[in-house]
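Trainee: Provide a 3D model corresponding to the input given below.
(chains A and B)
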Amino acid sequence: MGQIISPLVATLVRLFARFITAVRGIWDGVAPVDKQRIYYANHASHGDFILVWTALPPPLRRHTRPVAGADYWLNGRLRSWLIRDVFKAVLVDRNADTRQDDPIETMSQALHSGDSLILFPEGTRNLGDQPLQPFKSGLFHLAQACPEVELVPVWIANLNRVMPKGEFVPIPLICTVTFGEPVALESGEDKAAFLARASSALERLSPDYEPAETTLDSTESPS
Amino acid sequence: MTALHPDLFALLFGIGALLVTASLIGYVLQRRYSPRGDNAVIENLNQRIRSWWIMVALMALAFLGGKTGVVILFAFASFSALREFVTLVNARRADHWALAVAFFVIVPVQYYFIWIEYYGMYSIFIPVYAFLLLPILATLRGDSQGFLIRVAEVQWALMICVFCASHVPALLSLDIPGYENRNVLLIAFLIVVVQLSDVLQYVWGKLLGRRKIAPRLSPSKTVEGFVGGVASATLVGAGLAWMTPFGVLASAGLALMIAFLGFLGGLVMSAIKRDRGIKDWGHLIEGHGGFIDRLDSVVFSAPIFFHVVRYFWSVT
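Mentor: I've put the predicted structure just below:
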């Protein structure tokens, strides 16, 4: 039964996502080819990975798994069935004090078995006014552990307007998912520099992105 | 399911022949001018023709399904158009419930009134009831910033995408003596004239277009395209008199009115696109853009066509 129901539910979820958002994938600087990748995206809504997943062409989607927080998704039977059987997520525990498994270890294992991942390096949903929150270090450690895997920035636009925090009826609005040029860890690059570069590569894909005009002024100002 | 009227069959056959011709011309043009797919105009033309096949097939299916089929098709078109429109408005968090009601209550209820042919309700539901209800919902969260703009935009979106568009299937409820069970042909007449007018404006514009007619609103529209398109759509309308309850002259006059309104509707919707800094409303119809890009001229002509026919020909 499970073999039939899970893919069926997955298809229904994707149809629903299309009905509400008419989502379109924009491949801007990277091609939709079947390479092993980490798609790292901005995170503003629980539906984010569903949208990325829906926007991927089926051959890519088939072995792309979202990384999800075990602490949230394993609460309740329906939620844990959805995340495990339907979305086939890689579950990581975000609570550093109580966790038993190392999240980097868990994600590397999934990569070594040949799957691609959808990752939200901000860690939690961004509910503030800034386009991105500071990245957690996971992306850097994965880039070190699996240098052959491409790191593709993915900007999800508009989904936070579809279902703002605290609402339970989605508003149909057109969403886009923009896949950008891959970012690679350079030799000798330290964690902070790499994460800043990865973060700005992602932010540049946002339709609201405006290059900062004050960069020169701020570097020239006395410290 | 209604029996397929022979006139409708003849019309679909004619449109099929037209599409085959268009596809052949597109193929020849591509072979001659864009063998490597590098001529953007020709690639777009062929995309448009391919999309036309799909749109015609969907319309034909809806006609086969009779009133229910046509109502469902236009309800979905309204939903998609509203989704494109609302994506561009200044709605805020406080509008969440008003928008949810617009999509999930007002669209289905309006099309339900169309389906039960309740003229007294479908002609005032959005202009009166939704008009008053939505601003009330928008006040509930006490956010007054940009209030008039937010409320006006949602009402405008509903009038254009739902109210006006629903007047296409509303044509089925007209009661014209001697024209029983053929009302679906009125829809076919409206849509064929308005869409052919758009296509012919495009063709005349591409062939002869020199002087821009409204450079600040729509740089691709030319005087030559407008005159040629509207004039030839009027002739097409006269030629389609056999499937209408009108005489040849009245058919031509109505076609002229439809084509003219359709052109002006295109300009109005272009002005909105310019203001919001976009080229197309959406992307779902390959080569054409969004649903609103394809429906703008229908939306502006359908309600007037409906009321003119209702006043002069219908007994209800």
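Trainee: what pLDDT is listed against B:D293?
Mentor: With respect to pLDDT, B:D293 scores 86.
Trainee: any idea how far it lies from B:V223?
Mentor: B:D293 sits 22 Å away from B:V223, going by Cβ to Cβ, to the nearest Å. Yep, even glycine has a C-beta here, placed from its N, CA and C like the rest.
Trainee: the more surrounded of those two?
Mentor: Neighbours were counted for B:D293 and for B:V223 using other Cβ atoms under 10 Å in any protein chain shown; B:D293 has more, 24 against 16.
Trainee: isn't that one up against B:H283?
Mentor: No: at 9.7 Å, B:D293 does not count as touching B:H283 under the criterion of Cβ atoms under 8 Å.
Trainee: mind listing the shared neighbours of those two?
Mentor: Counting by Cβ atoms under 8 Å, 6 or more residues apart in numbering or on different chains, B:D293 and B:H283 have no contacts in common.
Trainee: which bits of chain A sit near chain B?
Mentor: A:22, A:24, A:158, A:161, A:164, A:167, A:169, A:171-174 (Cβ under 8 Å from any Cβ of the partner chain).
Trainee: out of these, name the ones that lie in strands.
Mentor: A:R24 (DSSP state E).
Trainee: residues in contact with residue 121?
Mentor: No chain was given, so I picked chain A. Contacts for A:P121 were tallied using Cβ under 8 Å, 6+ apart; they are A:40, A:135-136, A:138-139, A:195, A:198-199.
Trainee: chain B is the one I meant
Mentor: Shown in contact with B:M121 (Cβ under 8 Å, 6+ apart): B:F113.
Trainee: so which strand or helix has it?
Mentor: helix B:119-122 (DSSP states H and E).
Trainee: backbone dihedrals for B:I285, please?
Mentor: Backbone torsions of B:I285, given as degrees, to the nearest 10, read phi -110, psi 100.
Trainee: so what sits opposite it in the bridge?
Mentor: When bridges are called by DSSP bridges, B:I285 pairs up with B:G289.
Trainee: residues near it, how many?
Mentor: Using other Cβ under 10 Å, B:I285 has 22 other residues around it.
Trainee: what pLDDT does it get?
Mentor: What the model reports as pLDDT for B:I285 is 78.
Trainee: any idea of the mean pLDDT for the helix or strand hosting A:V52?
Mentor: Per DSSP H and E: A:V52 is located in helix A:48-55. Across helix A:48-55, pLDDT averages out at 93.
Trainee: for stretch B:101-118, same thing?
Mentor: Taken as a whole, stretch B:101-118 has a mean pLDDT of 96.
Trainee: can you give me the end-to-end span of it?
Mentor: Criterion Cα to Cα, to the nearest Å; first-to-last residue distance in stretch B:101-118 is 21 Å.
Trainee: with stretch A:200-208 instead?
Mentor: Length of stretch A:200-208, first residue to last, Cα to Cα: 13 Å.
Trainee: where does chain B come near chain A, residue by residue?
Mentor: Of all the residues in chain B, those lying near chain A are B:79-80, B:82-84, B:86-87, B:91, B:93, B:96-97, B:99-100, B:103-104, B:282-284, going by Cβ under 8 Å from any Cβ.
Trainee: of those, just the buried ones, ChimeraX syntax please.
Mentor: Buried members of the residues of chain B next to chain A, defined by 16 or more other Cβ atoms under 10 Å in any protein chain shown, are picked up in ChimeraX with:
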select /B:79,80,82,83,84,86,87,91,96,97,99,100,103,282,283,284
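Trainee: now whichever strand or helix holds B:V101: how far from the chain's centre is it?
Mentor: Using DSSP H and E, B:V101 maps to helix B:96-101. In terms of Cα atoms, centre = their mean, to the nearest Å, the centre of helix B:96-101 is found 25 Å from the chain centre.
Trainee: which non-adjacent residue is nearest the residue in the stretch 101-250 of chain B that chain A sits nearest to?
Mentor: Residue of the stretch 101-250 of chain B nearest chain A, by Cβ to the nearest Cβ: B:F103 (5.4 Å). Closest residue to B:F103 apart from its sequence neighbours, by Cβ to Cβ, 6 or more residues apart in numbering or on different chains: A:P172 at 5.4 Å.
Trainee: wait, A:A201 touches A:V154, no?
Mentor: No: judged on Cβ under 8 Å, A:A201 makes no contact with A:V154 at a distance of 10.5 Å.
Trainee: which residues are in contact with each of those two?
Mentor: Counting by Cβ under 8 Å, 6+ apart, the shared contacts of A:A201 and A:V154 are A:G180.
Trainee: and those two? Which one has more around it.
Mentor: When A:A201 and A:V154 are compared for neighbours, A:V154 comes out ahead with 26 against 19, by other Cβ under 10 Å.
Trainee: doesn't that one belong to a strand?
Mentor: Yes: according to DSSP: H, G, I helix; E, B strand; the rest coil, A:V154 belongs to a strand.
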